[in-house]
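# Turn this into a structure:
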Amino acid sequence: MKNIKHILILLCLASSLLAVNVSWAKKAPKTDFISLAATMLKDGHFDRALLALQSVDLEDEETDFIRFYTLQGLAYMNLNDMVAAKDSMTQAIKSGQQDPVIYIYLAQVNYSLKAYPGVIAAVDRAGEIIREYPAMLEMKAQSHWHLKQADAAIDTLNTAQQMISNDYRFMRRKVFYLMELKLYQQAALLGQQYLNKSDGKASDFIAIGNALRLSKEYQQTLNIMEAARLKFSGNVTIAKVLAHTYIDMGKLNSGAFILEQAAQYDPTLLAESSEVYRRAGRYYKALIMTSSIRDVKVKLKQRLAIYLALKRYEQAANMKKSLYRNGLLEDENIRYALAYAYFSSGQFEAASSQIDFLKEVELFKKGVELRRMMASCSEEPWQCT
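Numbers count the residues shown, from 1 in each chain. Model prediction:
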């Protein structure tokens, strides 16, 4: 009897404990994994957010699928998995997501995937909120451009400029499009307007200055690039554009001087400056500058050209060992120049030995002409004094 009593007591206790557990289970709150994922996204824990979302019961009718797919898309987007991000955001829209910001995200994802038609469609569906995201309008224009739809790209920029008149990025982008279309005159005019209205970067001055230069609007180029040079005094590219504008105008000394000054920031410009001085006929100035050229091969080539221009043929001929030692005689143009220096200094045998190496058609013809002249000089020396 005692055993039966004990058994009955244990059964009553077990029943009581089971009832307590069932009651507790009914009252226990269900974990909101979607809200947890949202918090993790906000804190920048994108991988953890995805783990939380994987615990969401997708069979539960109460699951907020709009929020689920939106958060999942953002997590994938921040983890740079754009294919998965696009799929999730598309599902969010199909599930009823009506917040237009979803189209801003979708446009960015499509652009990363180079799905340009998708970018255009997403931006168009964003509606009025697009005013808060002007970069998306530029992205839409770029998408048209990548699709070879130049007119649509420019129309998009025009519309964007009217919509957000104080944002000059659209004018800047249009300048670059016009340049790529080789509409240099239009690019130059618009470029001047852009620089007048905005605080242009050095790259803007360079691009627009080049557009003006290519359209041969030299005076306008000088106005813009001189202003740029004052604003960005250490920018070598600005100096080069300005120098080449002067050179295009035939003002070689001005161009050479600007390159010489820019060489303070980029020593490689010394050789170019020296060459322009040589072309301007300032041989001694060019020769002096060669002493500062660091590249030995460039220095030797420059000196050889200057010696020939000065008719200092013996000095040019005496460069043979240096030219050979630095591998410059592999260049047949240098080889011919040395042959000419030997010929002009009366060293016919040495000149002939250099001509033997000439194979390139035009240089070979010049070599044949030099041999003819040397033969003529040998027969009638008085003609070559």
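# show me what contacts Gly293?
No, residue 293 isn't Gly; it's Ile. Contact criterion Cβ atoms under 8 Å, 6 or more residues apart in numbering gives 270-271, 274, 299, 302 as the residues in contact with Ile293. (Each C-beta comes from the backbone N, C-alpha and C, glycine too.)
# nearest residue to it other than its sequence neighbours?
Closest residue to Ile293 apart from its sequence neighbours, by Cβ to Cβ, 6 or more residues apart in numbering: Lys299 at 4.1 Å.
# Next step: the contacts of Ile293 restricted to helices.
Secondary-structure check on the contacts of Ile293 using DSSP state H: residues within helices are 270-271, 274, 299, 302.
# ok, of these, which come out buried?
The neighbour count (16 or more other Cβ atoms under 10 Å) marks 270-271, 274, 299, 302 as buried among those.
# Could you single out the nearest of the residues you listed to Leu113?
Within these, proximity to Leu113 (Cβ to Cβ) peaks at Ala271, which comes in at 45.8 Å.
# and that closest one, how far is that from Leu300?
Taking Cβ to Cβ, to the nearest Å as the criterion, Ala271 is separated from Leu300 by 11 Å.
# Check what contacts the one helix or strand Arg229 maps to and list those residues.
Secondary structure here is read from DSSP states H and E; on that basis Arg229 sits in helix 218-231. Counting by Cβ under 8 Å, 6+ apart, the neighbours of helix 218-231 from elsewhere in the structure are 188, 191-192, 195, 202, 205-206, 208-209, 212-213, 235, 238-239, 241-242, 245-246, 248-249.
# check contacts around the closest residue to Thr90 other than its chain neighbours.
If you skip the residues right next to it in sequence, Thr90 has Leu106 as its closest partner in space, 7.5 Å away by Cβ to Cβ, 6+ apart. Counting by Cβ under 8 Å, 6+ apart, Leu106 touches 86, 89-90, 93, 118, 122.
# now, among those residues, which is nearest to Arg312?
Relative to Arg312, the closest of the contacts of Leu106 is Gly118; by Cβ to Cβ it sits at 68.3 Å.
# List the residues that contact the closest one.
For Gly118, the contacting residues are 86, 106-107, 110, by Cβ under 8 Å, 6+ apart.
# still on that earlier bit, can you tell me how far the residue nearest to Thr90 sits from Arg335?
As judged by Cβ to Cβ, Leu106 and Arg335 stand 64 Å apart.
# Check Arg169 too.
Between Arg169 and Arg335 the computed distance is 54 Å (Cβ to Cβ).
# circling back: let me know the closest of the contacts of Ile293 to Phe348.
Of all the contacts of Ile293, the one sitting nearest Phe348 is Gln302; the distance, using Cβ to Cβ, is 26.7 Å.
# where does the closest one sit relative to Ala107, distance-wise?
54 Å.
# go on, Leu195?
Here the distance between Leu195 and Ala107 works out to 30 Å (Cβ to Cβ).
# can you check Tyr184 too?
Tyr184 sits 32 Å away from Ala107, taking Cβ to Cβ as the criterion.
# More neighbours: those two, which one.
Under the criterion of other Cβ atoms under 10 Å, the comparison of Tyr184 against Ala107 puts Ala107 first, with 27 against 19.
# OK, contacts around that one?
Residues in contact with Ala107 (Cβ under 8 Å, 6+ apart) are 118-119, 122-123, 126, 136, 139-140.
# redo that, cut-off 7 Å
For Ala107, the contact set (Cβ atoms under 7 Å, 6 or more residues apart in numbering) comprises 119, 122-123, 136, 139.
# Tell me if I'm right that Ala85 and Gly73 touch.
Yes. The criterion here is Cβ atoms under 7 Å, and Ala85 meets it with Gly73 at 5.0 Å.
# Let me see the confidence value for Glu380.
Glu380 carries a pLDDT score of 72 in this model.
# hang on, the earlier thing: could you identify the buried members of the contacts of helix 218-231?
For those, a burial check counting by 16+ other Cβ under 10 Å picks out 188, 191-192, 195, 205-206, 208-209, 212-213, 235, 238-239, 241-242, 245-246, 249.
# Leu50 - how many residues pack around it?
Taking other Cβ under 10 Å as the criterion, the count of residues near Leu50 is 20.
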